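1. sequence plus predicted model, see below.
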Amino acid sequence: MTPGLLGMVVLFGSLLAALSTVTDRDAGVLRMVLVAPIRRSTVALGKALGATLLGTTQAAAVGVILLSIVRLWPSPGALLLTLAGLVLSSLALGALGLVLAASMRSIENFAGVMNFVVFPMLFLSGALYPVRRLAPALQALVYVNPFAYGVDLLKHALLGGWQSAGYGGELPLALDIAALVAFALGGLCAAAALLAREGGVTRAAFRGGS
């Protein structure tokens with residue numbers, strides 16, 4: 001359960017960090033940022049990195065306590081891989097949260113959509129039970145779930161010594177890393193496109209007012 005619990009901290013921390021985008025829109029802060037002479041991809045990257053920092057920091061703090069309680073002492077290499085897994089998972093999930101936040105116009109809509117995103121991602125990730133025990137149709141959904149790759153990467157890092165007993169990662173390590181990078185890049189590109197569309201309306205409004 002240790003990789004799953006750490007993954008859950010990353011999931012909730014990174015996705016909920018995107019709530020700041022919705023509140024920034026309501027407060028007018030996002031409008032001021034979008035009229036600045038910077039690329040929308042830079043704004044998206046900054047927001048995603050903020051979510052990454054929040055998710056990674058929270059998971060690291062919980063990890064120090066959790067690993068001590070369960071008496072799980074990973075090697076230095078495993079700790080580095082764990083940190084890489086937390087960072088990549090936070091970035092991928094933060095980018096996904098930014099895409100959702102850039103599409104929502106109110107906090108109420110964002111909260112409602114999050115309920116329909118977080119729990120399916122959690123149950124189809126391997127955080128609570130092995131993915132191999134899911135039905136074939138549900139296993140297919142696992143491959144389009146970025147959180148599943150993050151949890152599996154943490155299993156490789158923390159439970160690699162128990163791989164023969166069935167407690168380690170279920171997917172190839174290289175696939176986990178490549179998928180998280182792909183989801184992060186795809187989410188950043190989609191978020192930049194959504195912010196660019198909103199930025200165009202904002203700039204037009206400012207020109208009309210002047």
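-> Sure thing, it's come through. Model, not experiment: these values are computed from the prediction.

2. next structured bit after the worst-scoring helix or strand of the chain on mean pLDDT?
-> Per-element confidence for the chain was summarised using mean pLDDT, DSSP states H and E. The lowest value among helices and strands belongs to helix 29-34, with a mean of 74. Next in sequence after helix 29-34, counting helices and strands by DSSP states H and E, comes helix 40-70.

3. rounded mean pLDDT for that following helix, please.
-> The predicted model gives helix 40-70 an average pLDDT of 89.

4. list the buried residues for that helix?
-> Judged by neighbour count using 16 or more other Cβ atoms under 10 Å, the buried positions of helix 40-70 are 40, 43-45, 47-48, 50-56, 58-60, 62-63, 66-67. Where you see a C-beta, it was placed from the backbone N, CA and C, and this is true even at glycine.

5. now swap in stretch 114-132 and tell me
-> Taking 16+ other Cβ under 10 Å as the neighbour-count basis, stretch 114-132 is seen to contain the buried residues 114, 117, 118, 121, 122, 124, 125, 126, 127, 131.

6. and for stretch 70-85?
-> By neighbour count, and taking 16+ other Cβ under 10 Å as the criterion, the buried residues in stretch 70-85 are 74, 78, 81, 82, 85.

7. return the subset of those residues lying in helices.
-> Secondary-structure check on these using DSSP state H: residues within helices are 78, 81, 82, 85.

8. can you put these in JSON lines and add distance to residue 170 and pLDDT?
-> As requested, these are arranged in JSON lines below (distance: Cβ to Cβ, whole Å; pLDDT from 0 to 100):
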{"residue": "78", "distance to residue 170": "17", "pLDDT": "88"}
{"residue": "81", "distance to residue 170": "16", "pLDDT": "93"}
{"residue": "82", "distance to residue 170": "17", "pLDDT": "92"}
{"residue": "85", "distance to residue 170": "14", "pLDDT": "93"}
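
9. look up how far residue 86 lies from residue 55.
-> Here the distance between residue 55 and residue 86 works out to 7 Å (Cβ to Cβ, to the nearest Å).

10. who touches both of those two?
-> With contacts defined as Cβ atoms under 8 Å, 6 or more residues apart in numbering, the residues adjacent to both residue 55 and residue 86 are residue 10.

11. and residue 126, which of the three is it?
-> Three-state assignment for residue 126 (DSSP: H, G, I helix; E, B strand; the rest coil): coil.

12. now it. Its backbone dihedrals?
-> For residue 126, the backbone dihedrals (degrees, to the nearest 10) come out as phi 90, psi 10.

13. residue 10 touches residue 55, doesn't it?
-> Yes: counting by Cβ atoms under 8 Å, residue 55 is a contact partner of residue 10 at 4.5 Å.
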